[in-house]
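Visitor: requesting a structural model of the entry that follows:
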Amino acid sequence: MDATDIIDLLKEKADTRYHTGMQRFGIDNEKALGVSIPEVRKLARIIKKDHELALQLWNTDIHEARILASLIADPKLVTPQLIDSWANEFTSWDICDQTCGNLFDRTPYAIEKALEFSEHDKEFVKRAGFVLMAALSVHDKKAKDAVFIKFFPIIEREAWDERNFVKKAVNWALRQIGKRNGTLLPMAIQCAERISQQNTRAAKWIARDALRELREVPNK
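Guide: Residues are numbered from 1 along each chain as shown. Next up is the predicted model:
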């Protein structure tokens, strides 16, 4: 199957109600077909890894095709240049999150890009930096605590950003790192408490929401 065949399959799964509903979740559906994520994942399981096809699908600029590309691309063949290229083309939070959580966090460049993207000007690229931190805390079971400890100053530094998709990702990263283990939990709580002292609405929201969840996590 080539990209044209895959797009035809996606069109068969399209649902006009789902397409309309995407906007309620803050997703720009202008370039979307209206295919649900479970349906995209089903198709990815059939295709399996196919890096060349992933590149072709990404280049179609179709919303669901790009999410599918993130699922079938081979992390071993992903370069820093590809990460930069795709991240700079993010147009919605779900493409950002899916690409980071399905693909980018499984590459050797994940930590480097999390740090780099965390101070980017573009909203979705900056979001990607913090989504990578959150995804790594869930998916990378072998990573040492030191990896996540160095994320705390970054989270604290960027808590000022009022942009909705950035502040939510900063909050997400802080919560996920704190829930990773009993060593990181008190450090995440302390980080949130420091953020609460910052004089911005974004910081106060990030801290309040994170502390509500982290203080209820059993410290094992």
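
Visitor: isn't Asp105 right up against Ser137?
Guide: No: applying CB atoms under 8 Å, one finds Asp105 not in contact with Ser137, separated by 9.5 Å. Every C-beta, even on glycine, is put in place using the N, C-alpha and C of the backbone.

Visitor: so what sits against both of the two?
Guide: When contacts are counted by CB atoms under 8 Å, 6 or more residues apart in numbering, Asp105 and Ser137 have no shared neighbour.

Visitor: need the residue closest to the centroid of the chain.
Guide: In the chain, the residue lying closest to the centroid (CA atoms, centre = their mean) is Asp97, at 2.7 Å.

Visitor: next up, the contacts around that one.
Guide: In this structure, Asp97 makes contact with Val131, judged by CB under 8 Å, 6+ apart.

Visitor: and it, which helix or strand is it part of?
Guide: helix 93-102 (DSSP states H and E).

Visitor: from the chain's centre, how far out does the next helix or strand after that helix sit?
Guide: The helix or strand immediately downstream of helix 93-102 is helix 110-117, counting by DSSP H and E. Per CA atoms, centre = their mean, to the nearest Å, the displacement of helix 110-117 from the mean C-alpha position of its chain is 12 Å.

Visitor: what comes up buried for helix 110-117?
Guide: With burial defined by 16 or more other CB atoms under 10 Å, the residues of helix 110-117 counted as buried are Ala110, Ile111, Lys113, Ala114, Glu116, Phe117.

Visitor: who touches it?
Guide: For helix 110-117, the surrounding residues in contact (CB under 8 Å, 6+ apart) are 80, 83, 87, 104, 125-126, 128-130, 132-133, 135-136, 140, 147, 151, 154.

Visitor: just the buried ones from those?
Guide: Burial of those was assessed by neighbour count (16+ other CB under 10 Å); the buried members are 83, 87, 104, 125-126, 128-130, 132-133, 135-136, 140, 147, 151, 154.

Visitor: between those, which is nearest Leu43?
Guide: Proximity of the buried ones among the contacts of helix 110-117 to Leu43 (CB to CB) peaks at Phe104, which lies at 20.5 Å.

Visitor: any idea how far that closest one lies from Pro38?
Guide: 21 Å (CB to CB, to the nearest Å).

Visitor: and Val78, by the same measure?
Guide: From Val78 over to Pro38 the distance is 24 Å, taken as CB to CB.

Visitor: what does Ala135 give?
Guide: Using CB to CB, we find Ala135 at a distance of 19 Å from Pro38.

Visitor: same thing with Ile189?
Guide: Distance of Ile189 to Pro38, computed by CB to CB: 35 Å.

Visitor: pull the contacting residues for His139.
Guide: Residues in contact with His139 (CB under 8 Å, 6+ apart) are Gly101, Asp105, Arg106.

Visitor: what about 10 Å?
Guide: Gly101, Asn102, Asp105, Arg106, Ala110 (CB atoms under 10 Å, 6 or more residues apart in numbering).

Visitor: where does this structure have low pLDDT?
Guide: 219-220 (pLDDT under 70).
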